[in-house]
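fold the following and give me the result.
(chains A and B)
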Amino acid sequence: MVGGRHSRGPFVEGLRCRECGRHYPAEALHVCEYCFGPLEVAYDYPGIAESVTREAIAAGPPTIWRYADLLPARAAGAVDLGAGMTPLVRADRLAAELGLGELWLKNDTLNPTGSFKDRVTSVALTKARELGFKVAACASTGNLANSVAAHAARAGMRSYVFIPEDLEPAKVAATAIYGGNLVAIQGTYDDVNRLCAELTSEEPSWAFVNVNVRTYYAEGSKTLAFEVAEQLGWRAPDHVVVPIASGSQLCKIHKGFQELATVGLLDSPPEVRVSGAQAEGCSPVATAFAAGAEHIRPVRPSTIAKSLAIGNPADGGYALDVVRSTGGAIGSVTDDELVEGIRLLARTEGIFAETAGGVTVATLAKLAASGVVRSDERVVAYITGNGLKTVDAVAAHVRPTATIAPTLAAFMAAFDTEEGAG
Amino acid sequence: MTVTVRIPSQLRGLCDGAGEVAVEGATVAEVLKALDAAHPGFADRLFDETGSLRRSINLFLDDEDVRFLDGVDTAVADRQTLSIVPAVAGG
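Numbering: from 1, shown residues only, chains lettered A, B, ... in the order given. This next block holds a predicted model:
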């Protein structure tokens, strides 16, 4: 491929159906036209291996685009608000509470719009622009809505964002503020998703990031693995715990670690156990895991973890495969437990996560208690969204310690029995 | 019963580009059979070798996932709409 890399963009050979293996050109296609299986990006891995080095990555930008060789779109001209390279923090206080040893938190609350969705959106809209799209669209449980609206504004693209009408007020405002079209649907996320899947056939000139450009979009989540490996000094963790909505993120984190070995950035193929976390009120993948079932039975969601409330998860079956093949597990937690998870994370590590983070921490606690996640493992939990987006979830549980008059006497009266108040 | 079947873009090549096709049938399975009779090729695309609906396809009868009803055995009423929608979307 002489001089091809910079003119043609990254090392993409085309698309390939995950189910039947049919090949397609690298266009705005997301499912196989024959069997409807998901399309995956096919890369020229030997070419990537020749190009990529740890040093070149370290010298790259402090964003997901430092890994451009392993992404399906060009870094030059990326639709970029600075997603990625979020902190990986050692969590000794939380580890002590849970009886774990080496625990790390990937703090993806610190992305430009406060969730990991900025990674996938940046890749999706960069690719969409390469393909000539002028309109960005998505079906969203909230975090993606924020991210697509913001990135579309940044790129000067028109946008149509579709959400369930009952989303948290902060997520609605933090989408509408960017000025695109925000369409609230009277129904669940699964209803929104079906509408968007049908709309894609009628509006082929729109880039629905998680429908017709989903193949590229989903690749952005691999950076959650790339960064963790780099931040651990080019080592893989032993065990990761990831929330499951559609299941795509979990699958791509697994794929990301494998790819690092494929292109020589890790010395040997890592054996990363992958575990998943769901809210009990929407746990079709956890239910299938527990039952030993191969197929996911869709459910009607009922949980405050709205960012995970996908009753009919597109990649649920593939997530099951990853978890089973790596020796992980999938746990689920109640709404009360997830609120406790949010509080525990905040109290021990100073990170305020949205409901999905509460699900992850509470599930991690359960998996640690049951011995699935072990104290001799290097564990990474992915905290994927910011708590300021779902303040309503915890508002009833936390309040000022005291409300007093602005006088010393009032303070002393309120706190004089408290140790350390003086 | 006459049912309107909504066709996704991936399958419109089988029916001269139409986004909707009207066919007769008393159940979802019968409707799909009639669709294949009118426009040969649909059955091959919708069902796998064992005759089961491919897991990458969702069917909605008037906006309700047929898996919440009786699957392909779900009875259909006159003038209902059956949507064929690729399952791989969202998240």
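
I figured B:His39 hits B:Leu14, correct?
Yes. In this structure, B:His39 is within contact of B:Leu14 by C-beta atoms under 8 Å, at 5.0 Å. For glycine as for every other residue, the C-beta is placed from the backbone atoms N, C-alpha and C.

what residues does the stretch 51-200 of chain A put near chain B?
Contacts of the stretch 51-200 of chain A with chain B, taken as C-beta under 8 Å from any C-beta of the partner chain, map to A:Ala139, A:Tyr189, A:Asp190, A:Asp191, A:Asn193, A:Arg194, A:Cys196, A:Ala197, A:Glu198, A:Thr200.

what does the helix or strand hosting the fourth one rub up against?
By that I understand A:Asp191. Secondary structure assignment for A:Asp191, by DSSP states H and E: helix A:189-202. Helix A:189-202 is contacted by residues A:137-141, A:162-164, A:185, A:206, A:208, A:210-212, A:298, A:301, A:306, A:309-312, B:6-9, B:12, B:19, B:58, B:60, B:63, B:65, B:83, B:85-86, B:89-90 when judged by C-beta atoms under 8 Å, 6 or more residues apart in numbering or on different chains.

so how far is it off the chain centroid?
Helix A:189-202 sits 21 Å away from the centroid of its parent chain (C-alpha atoms, centre = their mean, to the nearest Å).

which element follows it toward the C-terminus?
That would be, after helix A:189-202 and using DSSP H and E, strand A:206-208.

count the residues that sit near residue 59.
Let's take chain A. Neighbour count of A:Ala59, defined by other C-beta atoms under 10 Å in any protein chain shown: 9.

meant chain B actually
When neighbours are counted by other C-beta under 10 Å, B:Leu59 comes out with 23.

A:Asp336 too?
For A:Asp336, using other C-beta under 10 Å, the count is 12.

for A:Leu15, same thing?
23.

then it would be within a strand, right?
Yes. Counting by DSSP: H, G, I helix; E, B strand; the rest coil, A:Leu15 falls inside a strand.

you'd agree it is up against A:Ala28?
No. Assessed by C-beta under 8 Å, A:Leu15 is found out of contact with A:Ala28, at 10.1 Å.

near chain A, which residues of chain B?
So far as C-beta under 8 Å from any C-beta goes, chain B lies against chain A at B:6-10, B:12, B:19, B:45, B:48, B:54-58, B:60, B:63, B:65, B:67-68, B:83, B:85-91.

give me the buried entries from these.
Buried subset of these (neighbour count, 16 or more other C-beta atoms under 10 Å in any protein chain shown): B:6-10, B:45, B:54-58, B:60, B:65, B:67-68, B:83, B:85-91.

in chain B, what residue lies closest to chain A?
Scanning chain B for the residue nearest chain A gives B:Gly91, at 2.1 Å (criterion: C-beta to the nearest C-beta).

how about the nearest residue to that residue once chain neighbours are set aside, secondary structure?
Spatial nearest neighbour of B:Gly91, chain neighbours left out: A:Ser246 (2.1 Å); criterion: C-beta to C-beta, 6 or more residues apart in numbering or on different chains. Under the three-state scheme (three-state DSSP), A:Ser246 adopts coil.

what is the neighbour count of A:Ser246?
When neighbours are counted by other C-beta under 10 Å, A:Ser246 comes out with 27.

for it, phi and psi?
Dihedral pair for A:Ser246: phi -80, psi -20, per degrees, to the nearest 10.

quick one, what contacts it?
Neighbour list for A:Ser246: A:Ile310, A:Pro313, A:Ala314, A:Asp315, A:Gly316, B:Gly90, B:Gly91 [criterion: C-beta under 8 Å, 6+ apart].

run through chain B and note the low-pLDDT ranges.
Along chain B, no part satisfies pLDDT under 70.

pull out the buried positions in the longest helix along chain B.
In chain B, taking DSSP state H as the definition, the longest helix is helix B:28-38. Neighbour counts using 16+ other C-beta under 10 Å place B:Val28, B:Ala29, B:Glu30, B:Val31, B:Leu32, B:Lys33, B:Ala34, B:Leu35, B:Asp36 of helix B:28-38 among the buried residues.

verify the contact between the fifth one and B:Arg45 for me.
Spelled out, it's B:Leu32. No. Contact status for B:Leu32 versus B:Arg45: not in contact, 10.5 Å apart, counting by C-beta under 8 Å.

next, the residue in the stretch 251-400 of chain A positioned nearest to chain B: secondary structure please.
Distance from chain B to each residue of the stretch 251-400 of chain A (C-beta to the nearest C-beta) is smallest for A:Ala314, at 4.9 Å. Assigned by three-state DSSP, the conformation of A:Ala314 is coil.

neighbours around it, how many?
30.

contact partners for the residue positioned nearest the centre of chain A?
By C-alpha atoms, centre = their mean, chain A has its centre lying nearest to A:Phe116, at 4.5 Å. A:Phe116 makes contact with A:Asp108, A:Asn143, A:Ser221, A:Leu224, A:Gln249, A:Tyr382, A:Thr384, A:Gly385, according to C-beta under 8 Å, 6+ apart.

tell me the contacts of the residue nearest to the fifth one when sequence neighbours are not counted?
When you say that, I think you mean A:Gln249. Counting by C-beta to C-beta, 6+ apart, A:Ser221 is the residue found nearest to A:Gln249 once chain neighbours are left out, at 4.6 Å. Contacts for A:Ser221 (C-beta under 8 Å, 6+ apart) come out as A:Phe116, A:Arg119, A:Val120, A:Ser248, A:Gln249, A:Lys252, A:Ile253, A:Gly256.

turn those residues into CSV, including secondary structure and distance to A:Asp376.
Below are the contacts of A:Ser221 laid out as CSV (DSSP: H, G, I helix; E, B strand; the rest coil; distance: C-beta to C-beta, whole Å):
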residue, secondary structure, distance to A:Asp376
A:Phe116, coil, 28
A:Arg119, helix, 31
A:Val120, helix, 33
A:Ser248, helix, 30
A:Gln249, helix, 26
A:Lys252, helix, 27
A:Ile253, helix, 21
A:Gly256, helix, 24
